[in-house]
Structures are given as C-alpha cells and as structure tokens.
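Asker: What would the 3D arrangement of this be:
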Amino acid sequence: MTAYQLIIAGSLAIIASYLFTEFSKRTSIPSVLMLIGAGAILGQFYTIDSASLAQPLEVLGIVGLVMIVLEGALDLELSKERIPLIKKSLGMAALGLIGSVLVIAFLLYFVFDMTIGSAFLYATPLSVISSAIVIPSVDQLRPDKKEFLIYESCISDILGIMLFYFIIGMLHNPDPVQEVTNFSVKLLVTIVISILTSFGLIFLFKFIKTKVKIFLFLAILMGLYAIEKSLHLSPLILILIFGLMLKNNQLVFRGALANRISKMELKLMEHNFHIITRETAFVLRTFFFLIFGMSMVLSSLLDVKALVLSVVITSMMFLVRWLLLKIFGKGIGKPLLAVAPRGLITVLLFYSIPSDLISTAFPESVILYVVIFTSLIMTFGLIKNQKVKAKSEQNDGEILEAVG
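Answerer: So this is what the prediction gives:
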C-alpha cells in the first residue's frame, strides 16, 4: 500500500471506530467486538503474516493500556465516603483474580498435557478483567456502579500483570523463597518510586512554560514505564498513582504543599491530561483490536475442543464472580455480574509469554473465544439493565402523573 492509501485506511478506521462507539452507546454492544469483527473481515481480503503483527500489536497494547489506566484513574475521586467502595472493589479484583486463576489452572492441568506451573501461567491472562473494555462501556451505569467497575478493572489489570510476571519468575528461579523476597522488595520500591515521581512530575508542570507540554509529560511517563518494566518492577502502579494524585490533588497538595502550586494550575493540568488520554486511548484501542482481528486465524475457531473448553472456562469465571459478588457486591446491585470482559490485557499477556514457556498443547483460539463470550455476556447484561432502568423510569413517571 502507498503512504496515501495507509492514511486513508487509518482515517477510515478511526471514523468506523467512532461510529461503532456511538452504536455501542445505543445498543450496549461493545465497540471492541465490532472492531475485532471488522479486523477479521479485512484479514480475509488482505493476507498478513501474523508473526509480523506481533510486535506492533504489543507496542499498541502497552501504550494503549497506559492511556486507558490513566484515563480510568483520572475519573476516580477519593474521599472518606468512597473508602468502603474502594475496599470492595479491591477485594473483588484480588479474590476474583486468584479464584479464577485457580479454577482455570487446574482445568488446563487436567485437560491438556501441561505442567502445573505452565497451567497457572496460561490461566492468569484469562483471569484478568479488561479495563480497556469496561471503562468505555459503563458510562450509562449509576455513578457508584461505574466507579466500582473502573476501580475493579484497573486493579485487576495491575494485579494480573504482577501475578503473571511473578509466575514467570517462579518458573525461571529454582529458589521460590528468593523469588518471593525479590517480588516483595520490587513492589515496595515501585510504590515509593511511583509516589515520588508523581509528585515530581506534577511540580515540574508548574515550571515548564512552553505551550506544548502534555505530550512531553506523556513521553516521560511512557519512558518511565518502559524503564521500570525493564527492571522487572510494576510500572502500572506509577500510572495509577499519578492519575489518582492529579485527580485528587486537593487531598495531596495541602498544608505547606498547597502554596507550591496553585489550584488553577492543577485543575488545568488535570483537564488537559483528561482530554489527551481519552482521545489517545480511543485511537490506540481502535488500532489494537482492529489489528488483533486481522491477525486471527479464523480456521482455528473450528476447534470443537477449544470451543467446549472456552465455554467451561467462561462459566467457571462467572461462577467465581457470582460467589464473590455475594460478599462484595452488596448495596451496589446488578449488572455487576455480567461486566467482567476479557480483552486487551489478556491478548497482551499471551504475547508476552517467554518462548521457553510456550505450551503447544494450549489452543490459541481459546483466547478469542473467551474474549467474545465475556463481551457478549457483558452486552446482554448491560442491555437488560437498560431495559430495567427504562421500565423503572416509566413507572416512576406514571406514578408522578397519577399523583399530579
């Protein structure tokens, strides 16, 4: 393709993604599914080597994940009133991840010729809720439900990535005690560095006078993310902490710190970051799922064993979620059960499995099936919630009319 043809194709992709998003708002069908479907259709007309797409897909996924987590963090307000909600979402994300990993790992261990370590490694990506799908899909929900799901999905992303690389470390390191110690130290170092770096970046904003600086800060964040990742730290914690500190600056910059930077400057920085991250996340999400769809081998979907396994895996994940919602979902209500899609982070982690740990026994079509099944379940759940909400509003209107 010529340069102009690529520009036209990219422009059409973004326009189509916008239309998919608008259609999604009216139907609750995730735009991600439509992008994957469009990519799969395009893949039938344009023969592309899947291996050549692996690295571009990984880069798009990493940058997209950073933007999506930052976008989610900038939507979250911290206050005493929200502490119970944050605790619930943290418990739901952590236990949901662990519970899903356990049941899926033992299923893979018994069904396929996999070691228990390899089974746990492959189970982890399938257990992570995708904030890339959740965040743009829950705008129509009640604020407390929306916040719960954003917290849960962002925390699930972070914990899932940490667990994934911890398992890799355990499989490569013959001394498990040493690996646990290294992991704990790295986690503590990551948190300390993230807090100090976030303070530094926010103060730096005050002293940079150039008009073009948001992308400068995003470049710094991406560079720090890559450096921390190369040091085997957990850089998504940096992104989450930075976003939370910027959004909730009134809780952080108080007392002596309040005089160092004005509320107006902080508000301007937060507003600009919010716009840029939302727009950038939209574009990156578009191309990631479109390319993922193009890279799929549709013939692999004819694997009946993989289809049955995917149905069982999805059922077990939602059983775990249903049990946990009995504890952590009280007072928030439906449709939390249905909103647990797998997506960007699942695909990204599968591409990150080291070559020496790849299992040929595991059918890759399971990934696509689980992404599709969980997205469809979310779709039906959100549609049902919209119908219930509309009916409730209609009944309330009829009651008010009768009283009037």
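
Asker: Distance of Lys267 relative to Gln250?
Answerer: Note on Lys267: its distance to Gln250, by C-beta to C-beta, to the nearest Å, is 10 Å. The C-beta positions use only the backbone N, C-alpha and C, and glycine is treated the same way.

Asker: again with Arg142
Answerer: For Arg142, the distance to Gln250 - C-beta to C-beta - is 25 Å.

Asker: And Val177, by the same measure?
Answerer: Counting by C-beta to C-beta, the gap from Val177 to Gln250 is 43 Å.

Asker: So what does Gln140 have for phi and psi?
Answerer: phi -80, psi -10 (degrees, to the nearest 10).

Asker: for the residue minimising distance to the centre of the chain, what are its contacts?
Answerer: Closest residue to the average C-alpha location of the chain: Ser131 at 2.7 Å, with C-alpha atoms, centre = their mean. Applying C-beta atoms under 8 Å, 6 or more residues apart in numbering, one finds that Ser131 lies in contact with Ile68, Val69, Gly72, Ile150, Ser153, Cys154, Ser156, Asp157, Ile345.

Asker: try 7 Å this time
Answerer: Contact partners of Ser131, counting by C-beta atoms under 7 Å, 6 or more residues apart in numbering, are Ile68, Val69, Gly72, Ser153, Cys154, Asp157.

Asker: repeat for Cys154
Answerer: Cys154 neighbours (C-beta under 7 Å, 6+ apart): Val69, Gly72, Ala73, Ser131, Leu240.

Asker: tell me the phi and psi of Ile29?
Answerer: Dihedral angles (degrees, to the nearest 10) for Ile29: phi -80, psi 120.

Asker: The residue nearest to it when sequence neighbours are not counted and Phe373, how far apart?
Answerer: Closest residue in space to Ile29, ignoring its immediate chain neighbours: Thr379 at 5.1 Å, by C-beta to C-beta, 6 or more residues apart in numbering. Plainly put, Thr379 is 11 Å away from Phe373 if you go by C-beta to C-beta.

Asker: Any regions of the chain where pLDDT drops low?
Answerer: Across the chain, the ranges flagged by pLDDT under 70 are 1, 47-54, 255-260, 331-334, 388-404.

Asker: Quick one: the strands in it, in order.
Answerer: In the chain, no strands are defined using DSSP state E.

Asker: Identify the residues contacting the closest residue in space to Pro363 that isn't next to it in sequence.
Answerer: For Pro363, ignoring the flanking residues on the chain, the nearest one in space by C-beta to C-beta, 6+ apart is Ala306 at 4.0 Å. Contacts for Ala306 (C-beta under 7 Å, 6+ apart) come out as Pro363, Ser365, Val366, Tyr369.

Asker: which of these lies closest to Ser315?
Answerer: Nearest to Ser315 out of the contacts of Ala306 is Tyr369 (C-beta to C-beta; 12.3 Å).

Asker: Please list all residues in contact with Phe273.
Answerer: Contacts of Phe273 (C-beta under 7 Å, 6+ apart): Leu74, Ile214, Leu246.

Asker: mind running it again at 10 Å?
Answerer: 70-71, 73-74, 205, 214, 217-218, 221, 242-243, 246-247 (C-beta atoms under 10 Å, 6 or more residues apart in numbering).

Asker: now do Ile367
Answerer: 122, 125-126, 292, 296, 300, 306, 310, 342, 346-347, 349-351 are the contacts of Ile367 under C-beta under 10 Å, 6+ apart.

Asker: now with 8 Å?
Answerer: Pro125, Leu126, Thr346, Val347, Phe350.

Asker: gap between it and Ala38?
Answerer: For Ile367, the distance to Ala38 - C-beta to C-beta - is 18 Å.

Asker: can you check Leu60 too?
Answerer: 16 Å.

Asker: Between those two, which is the more surrounded one?
Answerer: Per other C-beta atoms under 10 Å, whichever of Leu60 and Ala38 has more neighbours is Leu60, with 23 against 19.

Asker: right, and the more buried one touches Phe289 too?
Answerer: No - between Leu60 and Phe289 there is no contact under C-beta atoms under 8 Å: 9.3 Å.

Asker: burial count for Lys211?
Answerer: 6.

Asker: Please renumber the chain so that the first residue is 31 from this point on.
Answerer: With the count now opening at 31, the last piece we talked about shows up as Lys241.

Asker: Ramachandran coordinates for it?
Answerer: Main-chain torsions, Lys241, degrees, to the nearest 10: phi -70, psi -30.

Asker: any chance you could map the helices in the stretch 331-434 of the chain?
Answerer: 334-358, 374-381, 395-433 (DSSP state H, counting those that start in this stretch).

Asker: deepest of those helices, which one?
Answerer: Highest mean neighbour count among the helices of the stretch 331-434 of the chain (mean count of other C-beta atoms under 10 Å): helix 374-381, with a mean of 23.

Asker: so how far is it off the chain centroid?
Answerer: Taking C-alpha atoms, centre = their mean, to the nearest Å, one finds helix 374-381 lying 10 Å from the centre of the chain it belongs to.

Asker: what comes into contact with it?
Answerer: Taking C-beta under 8 Å, 6+ apart as the rule, helix 374-381 contacts 84, 87-88, 91-92, 94-95, 98, 154-156, 158, 160-163, 187, 190-191, 194, 315, 318-319, 322, 394, 397, 400-401.

Asker: Mind checking which of these are in helices?
Answerer: Members of these lying in helices (criterion: DSSP state H): 84, 87-88, 91-92, 94-95, 98, 154-156, 161-163, 187, 190-191, 194, 315, 318-319, 322, 397, 400-401.
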